[in-house]
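J.: Let me see the structure of the following:
(2 chains)
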There are 2 protein chains.
Amino acid sequence: MLEEFGRPLEVQEVDLAEPKAGEVLVRLVACGVCHTDLYTASGADPSGYAPTVLGHEGAGVVETVGDGVTSLAVGDHVVTLFSPQCRECIHCLSDRTNLCLAIREQQNKGYLPDGSTRLSRSGEPIRHFMGTSTFAEYTVIPEIALAKVNREAPLDRACLFACGLSTGLGAAINTAAVQAGSTCVVFGAGMVGLGAVAGCRLQGAERIVCVDLSQQRLELARGQGATDCWPADEHTVERVLEATGGFGADYTFEATGLVAVMRQAVEAARMGWGLCTVAGVAGKGETLDVIPRLLITGRRVCGSSFGGVKGRDQVPELVELYLRGEIDVDPFISHRMPLEQVNRAFELMEAQDGIRSVLQLSA
Amino acid sequence: MLEEFGRPLEVQEVDLAEPKAGEVLVRLVACGVCHTDLYTASGADPSGYAPTVLGHEGAGVVETVGDGVTSLAVGDHVVTLFSPQCRECIHCLSDRTNLCLAIREQQNKGYLPDGSTRLSRSGEPIRHFMGTSTFAEYTVIPEIALAKVNREAPLDRACLFACGLSTGLGAAINTAAVQAGSTCVVFGAGMVGLGAVAGCRLQGAERIVCVDLSQQRLELARGQGATDCWPADEHTVERVLEATGGFGADYTFEATGLVAVMRQAVEAARMGWGLCTVAGVAGKGETLDVIPRLLITGRRVCGSSFGGVKGRDQVPELVELYLRGEIDVDPFISHRMPLEQVNRAFELMEAQDGIRSVLQLSA
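T.: Numbers count the residues shown, from 1 in each chain, chains lettered A, B, ... in the order given. Below you'll find the model as predicted:
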């Protein structure tokens, strides 16, 4: 429970109502701890609120289903989707975006689609977080915000597909749609950046440069398919131009959230057709300053939310890729701990110790 | 002749050598006067030089051809291409860009591909401008920088396809590749913006909003297919959002060169898939400040040089569209004058009087 911004989370017993129509009770098994949780906990997110139950990178087992739920049954293994897929709104029906509109407004305010909450304490409603609230043993989630995945996938790995890993993979596979034989540069080797490296590899990129401050993270990038690992500094753009005959990279990916790095990612993109995909989340009020001449001479800039992944359709596919050995998920999990140690996970993240802490929520 | 930055052009007799191998002598018939000419004449372009013969929106007739010229013959009608198409470089072989690399370096320095000039005065070489130098009765141009067009097209209209009109049309047709049924917003109703309006119409856009300060130019936009004409002000983004159910436009086009307007064009683009195409040229040192959240939620930003048009292939096609009555070129020509009055054309442009002055260079 986030009681107050900037304070440690508290583990408490709270009430969870039965799922209403179109909703599902999930017994959570594992949950990754992501920067967005920390961002909200810190109070830096202007749209944040407290009290709430944080967590959005969850995986678990369907415990009961509400009326009208047809796509899930008790016992199904699921990954939670902060980015749902209703399959009916104009965005879900388009192949150009994954930003489902069905429950967006209520979810942003902390409510389930009917405008109420299932969480409460002494009769007082507690708002949900990102429609998921997965730092918990159980949660109630709309059917459209759950991806049913292969039961053979260990849930402590599958949970990473709920956010960071899919975001990175999808940025390369969906948003940029990297062409085989391309040169790619990934800025940042956190969960999203490493996912982007893996995505570029899966798309058949010929050269994948990963840039980061940490030698340790760059080692992980190499394991995901990076062909070149460079220490991050102010000369990265020059270095990319030198390595590409003065042209720049076919695709660049920004996965740090720093606008100065976003700018490097734009400038390192190739004249003529280079595409810079921004996947990191910048601080409030910061802007990415683009030199218009870079656009006129053929560079393009786009962004990626949850990797352009339509969750119910594509998360199961990505999990299958993992099961087939095409995505090496284990190295991303640097720490495992029980729910009681969630604050330690935040401390590790702030210390940049490892890629992901995974909370073990139930057996 | 531009003798000195910031001074009126001078009409002089200068020497023009015969075309060398791969070059063509063109008798110029007409030439539009474009902002880029004025930009260089003013001295504001940091890569500009003097003395030189300005002009790049020319059309004429092939007078003689140099050795090895195979695609053009004496008497052919041609449109000059500051953006050439060699059909052999990696960019020409790609369908992703029109930025031919073959002669780029020499052209930028004012030389023909062999590193010399055909223009001279008392034996002193004079550099060419944009590889074209069409404020003249004759010019020598590389074969790869000439588009052969239908002889039925009046050359005083065809010349507009050498720059501004093709830039606007191509921004909509090639760069953005506007989908039928879309909503488009074009910022600026100069030659490029009006061309973009026409391009959106040709692509089957359902709604085409044009935004400009001048009621007269907005009238012209209506003639090119704009369904809505709005006076430009600081509320344009809100107005676009209101008119599109809060979403924004599928495609926006920036054709003013002002970074504040570019920013509006980004912000008016639709969540999910809105594409902002920057066609205007910003001042040196200015940047387009983009809020990264707009990218993450699906907006994309790109630029367009010469409308992504591969000149030798596509300019003749655009001229055919004009001959079939699908592009109404006449309204763009606001003034006609002989070469001697080129400085008046600059004055009219600075006074924002009309869209294009066309110089009549020979019968």
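J.: Let me see the residues that make contact with the helix or strand of chain A with the lowest mean pLDDT.
T.: Ranked by mean pLDDT, DSSP states H and E, the weakest helix or strand in chain A is helix A:35-42, scoring a mean of 94. Residues outside helix A:35-42 that contact it (CB atoms under 8 Å, 6 or more residues apart in numbering or on different chains): A:2, A:5-6, A:9, A:45, A:48, A:52, A:54-56, A:129-130, A:135, A:163, A:190, A:257, A:281, A:346, A:349-350. The C-beta positions use only the backbone N, C-alpha and C, and glycine is treated the same way.
J.: So which bits of it are buried?
T.: When neighbours are counted by 16 or more other CB atoms under 10 Å in any protein chain shown, the buried residues of helix A:35-42 are found to be A:His35, A:Thr36, A:Asp37, A:Leu38, A:Thr40, A:Ala41.
J.: Output the set of residues of the stretch 201-350 of chain A in proximity to chain B.
T.: Proximity of the stretch 201-350 of chain A to chain B, by CB under 8 Å from any CB of the partner chain, involves residues A:259, A:262, A:271-273, A:278-282, A:286-305.
J.: Show the residue spans covered by the strands in the stretch 201-350 of chain A.
T.: Taking DSSP state E, counting those that start in this stretch, the strands of the stretch 201-350 of chain A run over residues A:207-212, A:228-231, A:251-254, A:275-278, A:288-290, A:300-303, A:333-338.
J.: now these as TSV including mean pLDDT, distance to B:Ser214 and mean neighbour count?
T.: Formatted as TSV, the strands of the stretch 201-350 of chain A follow (pLDDT from 0 to 100; distance: least, CB to CB, whole Å; neighbours: other CB atoms under 10 Å in any protein chain shown):
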stretch	mean pLDDT	distance to B:Ser214	mean neighbour count
strand A:207-212	98	47	26
strand A:228-231	98	50	17
strand A:251-254	98	39	32
strand A:275-278	98	35	30
strand A:288-290	98	28	23
strand A:300-303	98	30	25
strand A:333-338	97	61	15
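J.: Determine which of the ones you listed approaches B:Pro331 most closely.
T.: If you check each of the strands of the stretch 201-350 of chain A against B:Pro331 by CB to CB, strand A:300-303 wins as the nearest, at 32.3 Å.
J.: and the closest residue to A:Ala363 other than its chain neighbours, how far is that from A:Cys163?
T.: Closest residue to A:Ala363 in three dimensions, ignoring its sequence neighbours and counting by CB to CB, 6 or more residues apart in numbering or on different chains: A:Val29, at 7.6 Å. Distance from A:Val29 to A:Cys163, counting by CB to CB, to the nearest Å: 16 Å.
J.: Tell me if I'm right that A:Val342 and A:Cys34 touch.
T.: No: applying CB atoms under 8 Å as the test, A:Val342 and A:Cys34 come out as separate, 11.9 Å apart.
J.: Looking at the two now, which is surrounded by more residues?
T.: Of the pair A:Val342 and A:Cys34, A:Cys34 is the one with more neighbours under other CB atoms under 10 Å in any protein chain shown, namely 26 against 23.
J.: re earlier: now the residue nearest to A:Ala363, what's its secondary structure?
T.: Here A:Val29 is recorded as strand under DSSP: H, G, I helix; E, B strand; the rest coil.
J.: And it, what's its pLDDT?
T.: Each residue has a pLDDT score; the one for A:Val29 is 98.
J.: do A:Gly204 as well
T.: In this prediction, A:Gly204 carries a pLDDT score of 98.
J.: And it, how far from chain B?
T.: For A:Gly204, the distance to chain B (CB to the nearest CB, to the nearest Å) stands at 17 Å.
J.: Likewise for A:Val315?
T.: Computed with CB to the nearest CB, the distance linking A:Val315 and chain B is 19 Å.
J.: Isn't that residue up against A:Leu81?
T.: Yes: A:Val315 lies in contact with A:Leu81 (CB under 8 Å); the separation is 7.1 Å.
J.: coming back round to it: narrow the contacts of helix A:35-42 to those that are buried.
T.: With burial judged by 16+ other CB under 10 Å, the buried subset of these is A:2, A:9, A:48, A:52, A:54-56, A:129-130, A:135, A:163, A:190, A:257, A:281, A:346, A:349.
J.: And those, which is closest to chain B?
T.: Lowest distance from chain B to the buried ones among the contacts of helix A:35-42 (CB to the nearest CB) belongs to A:Val281, with 6.7 Å.
J.: List the residues that contact the closest one.
T.: Contact analysis of A:Val281 by CB under 8 Å, 6+ apart lists A:His35, A:Thr36, A:Tyr39, A:Gly257, B:Pro292, B:Arg293, B:Ile296.
J.: and which of the residues you listed is nearest to A:Cys89?
T.: Using CB to CB, B:Ile296 comes nearest to A:Cys89 of the contacts of A:Val281, at 18.9 Å.
J.: State the distance from that closest one to A:Gly190.
T.: When distance is defined by CB to CB, B:Ile296 is 16 Å away from A:Gly190.
J.: do A:Glu340 as well
T.: Using CB to CB, one gets 25 Å for the distance from A:Glu340 to A:Gly190.
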